[in-house]
Structure formats: C-alpha cells, structure tokens
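**Student:** Predicted model and sequence below, questions to follow.
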Amino acid sequence: MSKKLAIIATHGSLDAAYPPLILATSALAMDMEAAIFFTFYGLEILKKGNADKLKVAPIANPAMPMPVPNIIGMLPGMTAMATWMMNNWMKKANVAKLSELLEMAQEMGVRLIGCQMTMDVMGIKKEDLIDGIEIGGAATFLEFASEDAIALSF
Amino acid sequence: MSKKLAIIATHGSLDAAYPPLILATSALAMDMEAAIFFTFYGLEILKKGNADKLKVAPIANPAMPMPVPNIIGMLPGMTAMATWMMNNWMKKANVAKLSELLEMAQEMGVRLIGCQMTMDVMGIKKEDLIDGIEIGGAATFLEFASEDAIALSF
Amino acid sequence: MSKKLAIIATHGSLDAAYPPLILATSALAMDMEAAIFFTFYGLEILKKGNADKLKVAPIANPAMPMPVPNIIGMLPGMTAMATWMMNNWMKKANVAKLSELLEMAQEMGVRLIGCQMTMDVMGIKKEDLIDGIEIGGAATFLEFASEDAIALSF
C-alpha cells in the first residue's frame, strides 16, 4: 500500500488548483504523506494573497458547464463572470476556498514545494510566496515520488 | 509488475477524452485492472448521450495539426469545424468513437467512477450519467491507486 | 526506490514541452531510467526541426505571468509575442532550449517513443520525426511503467 501522494501542479487557474489540494488533504486524512510540487503557472497558487484571486478561462474549453461561444467568451468581463460562477457553485456546495484548502494542507503537514527554476525564469522571489513552504527542483520531487508513492500531475 | 491502472480524467474535450479510455482498455487487454475517476469537466464524458458530442477547441492550442490564428479560431463555426475534422481523422484511422470506447471499457470491466463533489458543485444527478458507473470521491480513487498501480491524470 | 520515470506528453505548446524533458533528464542524472511517450499534440515536440518553434498561447490562461485580456490576446501577433517573451525568460535564466534538452535526453538514454495511433490519425510519418526514436503504442508505455516506475502525464 502506497504511503505517499506526490503531485505536480503546473496550472494556475481556479479549476486546475482544486484537484491537487483536494487530493493532498484527502491523502493526509487517510494517514498518507503528501507533497505538491508547484511549477510553471502552478506557482500562482502559492503567491501571497493570490489563491482566492485565481480565475477560470471562459474560452477554449468546450466542456464548460455553461459553454459560451468563444467569440462571446473572449469579451471583457467574461473571465470575471465565469470565475464568479465557479466560486459561487463551490460555495453553495460547501467546498472550501482555495486559501482555506492551502492553510488546511499546511496544518495537516502536506509538503508544499515551489519550483526554483520557475522562480528564476519568472523572477519570483521567496518572499512573494506564502510562508512555510519549501523551495526545490525536479530532484526534490523525484526523490519524494520514488518511494512507494502515487504520482500525479495536473 | 503493476497490476492496476488508476486514471483521473479532469477534462471534457474530445481530444482529452481519448487517452484515458484508450489506456484503460489497453490495460485490460494486458490483464491489468483499471479505474477512471471522472472529475470536473471530465464528468461530461459520462453524461448520457454526450460522449460523441464532445468538442475540440480550435483556439489557445498552437500545437493543433492545422493551426488557425486565434482571431479566426474564435469565430462561430470554428469549434464545430475543428471537431468535425478530428472526428473524421479518427474515423479514417479506424479509431473507435468515444461512445464505443466507453461501452468497451464497461464490458471489459474498467471501473468508471463519477466524482461526487463535482456532481454536487455542478448540480449533476446520477441519472444524468450513463448506467453502470460508480459514484465516489478522492478517497475512492486513492484507495484503488494505492496498491501497486500506475497512476495518471489527464 | 523507483528506478524508472514514465511520462506521457500529450501537449505540444512551448510551456507544456518543458516539464517532461526536464524531469526525464533529471531522472537520468539521478541514475534512474526514463521514457517519454509522445501522443496527440505531444508529437509536435518530436517533429524534425520543430522543438524550438513551439509556441505559447496568450489566451485562455488567466495564470500567465503577464496576463492580457483574451480580447487582446487573440489579436494577430500576440502568440508570437508571448512565445518570444517566454523563450527570452528561459534564456536569461540559462534554461536550455527544447532542442538542446531533446538532444541531451537522447544522449543520456531517455527512451523517446512516438505514438503510432496518433501518427496514423494525423498522417505523420516516421521520417517526419527526429532520428533515433521508437514508435509504439499504449502497451509499450504501460509495459515500461508497470515495473517500479513513477508515472506522470503532461
């Protein structure tokens, strides 16, 4: 039985940020260990005060619950509207906000690892990110993932 | 040797729906077990009568085989055209339709699991989804994936 | 301790091409084996002379480091601009170009596998792809991934 969950988060949209955090906190509740490696756009999730500001793209996703034609979706205001809708659905279903999930993950002991290379590439400093996280690289992730882990990438 | 394939399907576009179903049926043909956990937009694949109606976004993907500028791709009709093209290519290459792959997966014994939380969030009912599937949560997936499995997320 | 890294690359944009190649070369440096299975748009990465021509979509990604409204992002020239910016950031941070990472991966012994089904569907021939790669299917990937591997999909 795997005792670890090793996740890579590469996207920074509202909808893409939920699965890593929900799975990691669920794993801790099942007495597993978990680590999330935030890389590329995924680092947006770790930026101070940013988790609850993440947005949903209303275009290029024909599987949106309420799809709008791309020619409408690209209009100003539509990203805000899609984001408001998704946040509202989450709230109605009693799903925690991303900032709450992040905090819960930290309290439970999920390892949150920011990708050093992405920080170098995008000019992000450690103090731009929330406190209490680690900074690491591909090797940090692979070491954690290489011992009896379920590995997933989002 | 892993005996299980544990897949998370988070996207509901035509192109994103193929890899989970092809890999899962291939695994069964290799005498492995397989489960697919459909969450977020991935639930679109399980909606009754919907598998063959999934679409491809003709924008925001510069790697499309026949790329069109986004300013063209966002025009009405372009999503339908890209979808028609991809379905046509699949057919010419004798690749099964998604509804056929879904049916094959069920007959072979792939576990198809709809995400309870997504159903709550998006107001999807069990009767909206195809028959014979399970409903579960992150724990259902992690339990299956935690014993000697190849885990993948799409 | 896992001795293998098994990756599926399904996307062919500049930003999506980096994680598989960086992780695979990191794995080799850690004395692991690695294989990347390139499928769907991921085959674009393997096309001869194409790795350094991959682009970034400036739309439908609200987590872009310098986000522009979709109505601006879809204008002609914006894809080229976003691509130029990302390539420039990579260069400033001394990150290798994709063609260099591909070459390094081959020299180190990463198995690069093109998806036969995708080639059939999209009419891609073996001679369209870089030399020294394998052609295979879902079974090829699953066999490699099924023995003590970290599996990831991008």
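**Tutor:** Cool, got the structure. Numbers count the residues shown, from 1 in each chain, chains lettered A, B, ... in the order given.
**Student:** Next, the buried residues of the helix or strand of chain A with the lowest mean pLDDT.
**Tutor:** Within chain A, confidence by mean pLDDT, DSSP states H and E is lowest for helix A:70-73 among all helices and strands, at a mean of 89. For helix A:70-73, the neighbour count (16 or more other C-beta atoms under 10 Å in any protein chain shown) marks A:Asn70, A:Gly73 as buried. Heads up, the C-betas are built off the backbone N, CA and C, glycines and all.
**Student:** what's the spacing between the most centrally placed residue in chain A and C:Ala6?
**Tutor:** Chain A has A:Ala17 as the residue nearest its centroid, 3.0 Å off, counting by C-alpha atoms, centre = their mean. Distance, A:Ala17 to C:Ala6, using C-beta to C-beta, to the nearest Å: 25 Å.
**Student:** Is the helix or strand following the least confident helix or strand of chain A positioned near chain C?
**Tutor:** Tracing the chain past helix A:70-73, the next element assigned as helix or strand by DSSP states H and E is helix A:78-92. Yes: legend: contact between helix A:78-92 and chain C by C-beta under 8 Å from any C-beta of the partner chain is shown at A:Met78, A:Thr79, A:Thr83.
**Student:** any idea how far A:His11 is from A:Leu102?
**Tutor:** Where A:His11 is concerned, A:Leu102 sits at a distance of 15 Å (C-beta to C-beta).
**Student:** Now the residue in chain A that chain B sits nearest to: closest residue in space that isn't a chain neighbour?
**Tutor:** Going by C-beta to the nearest C-beta, chain B is nearest to A:Ala63 of chain A, at 2.8 Å. Among residues not flanking A:Ala63 along the chain, B:Gly12 sits closest, at 2.8 Å (C-beta to C-beta, 6 or more residues apart in numbering or on different chains).
**Student:** Report how many residues lie close to that neighbour.
**Tutor:** A total of 25 residues lie near B:Gly12 under the criterion other C-beta atoms under 10 Å in any protein chain shown.
**Student:** how much space between whichever residue of chain A sits closest to chain C and C:Pro67?
**Tutor:** Using C-beta to the nearest C-beta, the closest approach of chain A to chain C is made by A:Gly12 at 2.8 Å. Noted for A:Gly12: a distance of 10 Å to C:Pro67, by C-beta to C-beta.
**Student:** Near chain B, which residues of chain A are found?
**Tutor:** Going by C-beta under 8 Å from any C-beta, the residues of chain A near chain B are A:1-2, A:5, A:15-16, A:18-19, A:22-23, A:26-27, A:29-30, A:32, A:57, A:59-65, A:69-71, A:73-74, A:89-90, A:92-93, A:95, A:150-154.
**Student:** Quick one: the strands in chain A, in order.
**Tutor:** Listed in chain order, the strands of chain A (DSSP state E) span A:4-9, A:33-38, A:111-115, A:134-136, A:149-153.
**Student:** So the fourth one, near chain C or not?
**Tutor:** No: Strand A:134-136 stays out of contact with chain C when judged by C-beta under 8 Å from any C-beta, the minimum separation being 11.4 Å.
**Student:** No further questions, thank you.
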